[in-house]
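Enquirer: show me the folded form of this:
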Amino acid sequence: MELIVTSDNPAPPGGVCSNVRTSDRVVLRVARWHPEGQARGTVVLAQGRAEFIEKYFETVAELLTRGFAVVTFDWRGQGLSTRAVANPRKGHVDDFVLFERDLEAVFTQAVQPFCPPPYFGLAHSTGASIMLQQARRNASPFARLVLLSPLIDIRDLFLPQGARLLADFLNVLGLGGAFIPGGSPKSIMSKPFKGNRLSSDQRRYARNAALVDAAPQLAIGDPTVGWVHAAFRQIDDFADPDYPLRTLPPVLIIAAGGDGIVSTPAIERFGQRLKAGRVLVIEHARHEILQESDAIRGQFWAAFDAFVPGESIADEPHTERGEHAG
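Expert: From the prediction side, this is the model:
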C-alpha cells in the first residue's frame, strides 16, 4: 500500500502506510504519523462516505503541528481498502455494524501498538455516526470525540417514508448491490464546483477533484441500495430519544449551518440530549467543514483546541452558533 500525492497535495513527512485485517478478513489501508518530540496523545481520524486518506493530508499536518500522533484509514468499500462488490465504483455495505469492525481492527492493530494515549476520535459524517454507534455500546476507546456533520438524518429527503420502503423493497429483491435508482459511478468530487453541497472553498474543492483525476482508483460513485438501506436503519436508531443518553464519552459535535446533505436540526436535537456533549453550528459552512474556507476551518480549530485534550465539559449539553468572518 502507498500514499498518493499531487503537486498541490503533498503528504506530511514521516507517514507510515500499512494494512490491517478485520475480524471478517477485510483488508484496510491505514496511515499513521508521529509529531516531532513527545506526542500529546493520538487522534484517530475517520472520514465520511466516499472519502480516502489523501483528502485529509492538510488536516493531518495541522494535527501534527499541535503535537498529536495521527492515524487515519480507508473504510471498507472505499479508498484503497477492500471492496464489498465486484464493481469498485460502488460504495456498498450491508450493515453499518460492519464499520465498527474496521474501527476495532485499526485501533487494535495500528493505534494501540504504535501510538501513545490518550486517544481521541475525530470523524466526519458517516464516520462520525460510526463513532457514535461504537460509543453507545460502551465500546469506544476514545477519551473524547469530535464529530463533524454526523449522519444523524438526511436533509430534505423527498418522501422519506417512501424512500425507506423503496430501499427495503429493492433490498429484499436481492438488489442491495445495485446503485441506488439514478445512481452512477461518477465521484461526487468530480462534479462542477458551482452548486456543489460540499464546500464553498474553490481551491480545496479543486485540489480534491485533482486527486480523483490523478488516482481514480481512490474514488467511488453513488451508494448502493444496500448502503442506503443500512443508513436508514442507522438513522432510525438515532431517532430513539434515549440513544444520546447512552453515549458516555464527552462529545463535541460541530455542524454546518449550510449543510445540504445531512440535517443540522436533527444534529442539534440529538446533541442537546447527550450525557456530556456540546453542539457548535458554524453558520454558512457546507457539509465538509475540514474542506471549507480558512475562516470556517479557523472556527473548527478554535473549538477543537479548546476541547482536546481536556477542557472540562458541562453536564448539561447546549448548542452554540458561530459566525464566520468571510
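Enquirer: residues touching Met264, list them.
Expert: Actually, residue 264 is Thr rather than Met. Taking CB atoms under 8 Å, 6 or more residues apart in numbering as the criterion, Thr264 is in contact with Arg155, Ala255, Ala256, Gly257, Val281. No exception for glycine: its C-beta is placed from N, CA and C like everyone else's.
Enquirer: that one and Arg321: what is the separation?
Expert: 10 Å (CB to CB, to the nearest Å).
Enquirer: need the overlap of contacts for those two.
Expert: Between them, Thr264 and Arg321 share the contacting residues Gly257, Val281, judged by CB under 8 Å, 6+ apart.
Enquirer: one step back: can you select the buried ones from the contacts of Thr264 in ChimeraX?
Expert: Selection of the buried residues among the contacts of Thr264 in ChimeraX, burial being defined by 16 or more other CB atoms under 10 Å:
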select :255,256,257,281
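Enquirer: for the contacts of Thr264, which one is nearest Glu62?
Expert: Among the contacts of Thr264, Ala256 lies closest to Glu62 (CB to CB), at 18.7 Å.
Enquirer: got the contact list for the nearest residue to that closest one once chain neighbours are set aside?
Expert: Excluding its sequence neighbours, the residue lying closest to Ala256 (CB to CB, 6 or more residues apart in numbering) is Ala285, at 4.0 Å. By CB under 8 Å, 6+ apart, the residues touching Ala285 are Ser200, Ala256, Gly257, Gly258, Asp259, Glu292, Ile296, His324.
Enquirer: which residues are in contact with the fifth one?
Expert: By that I understand Asp259. Ser149, Arg155, Arg197, Ala285, Arg286, His287.
Enquirer: helix/strand/coil for the third one?
Expert: Read it as Arg197. coil (DSSP: H, G, I helix; E, B strand; the rest coil).
Enquirer: would you confirm that it contacts Ala256?
Expert: No: with contact defined as CB atoms under 8 Å, Arg197 does not count as touching Ala256 (9.8 Å).
Enquirer: mutual contacts of the two, please.
Expert: Arg286, His287.
Enquirer: which of the helices or strands spans Ala303?
Expert: helix 294-307 (DSSP states H and E).
Enquirer: stretch 52-68: end-to-end distance?
Expert: 20 Å (CA to CA, to the nearest Å).
Enquirer: give me the mean pLDDT for it.
Expert: The predicted model assigns stretch 52-68 a mean pLDDT of 98.
Enquirer: contacting residues around it?
Expert: Residues contacting stretch 52-68 (CB under 8 Å, 6+ apart): 3-5, 9-12, 15, 29, 31, 33, 35, 37-43, 45, 47, 70, 72-74, 78-80, 120, 122, 204, 208, 211, 215, 218-219, 290-291, 301, 305.
Enquirer: related to what we said a few turns ago, how near is the residue nearest to Ala256 to Pro185?
Expert: From Ala285 to Pro185 the distance is 29 Å (CB to CB).
Enquirer: and Pro10, by the same measure?
Expert: 28 Å.
Enquirer: so for these two, which residue has more residues nearby?
Expert: Counting neighbours by other CB atoms under 10 Å for Pro10 and for Pro185 shows that Pro185 has the greater number, 15 against 12.
Enquirer: what ranges do the helices span in the stretch 101-250 of the chain?
Expert: Secondary structure of the stretch 101-250 of the chain by DSSP state H, counting those that start in this stretch: the helices cover 126-136, 160-172, 202-214, 225-238.
Enquirer: Gly91 against Arg49, yeah?
Expert: Yes: using CB under 8 Å as the test, Gly91 is close enough to Arg49 to be in contact (6.1 Å).
Enquirer: what do the two both touch?
Expert: Common neighbours of Gly91 and Arg49, using CB under 8 Å, 6+ apart, are Gln78, Pro223, Trp227.
Enquirer: show me where the stretch 201-326 of the chain dips below the pLDDT cut-off.
Expert: 310-320, 322-326 (pLDDT under 70).
Enquirer: rerun that using 90 as the cut-off
Expert: Scanning the stretch 201-326 of the chain for pLDDT under 90 picks out 246-248, 275, 309-326.
Enquirer: what is the burial count for the residue lying closest to Val225 once chain neighbours are set aside?
Expert: Nearest residue to Val225 in three dimensions, chain neighbours excluded: Leu170, at 4.6 Å (CB to CB, 6+ apart). Here the count is done by other CB under 10 Å, and Leu170 has 19 residues near it.
Enquirer: same question for Thr82.
Expert: Neighbour count of Thr82, defined by other CB under 10 Å: 17.
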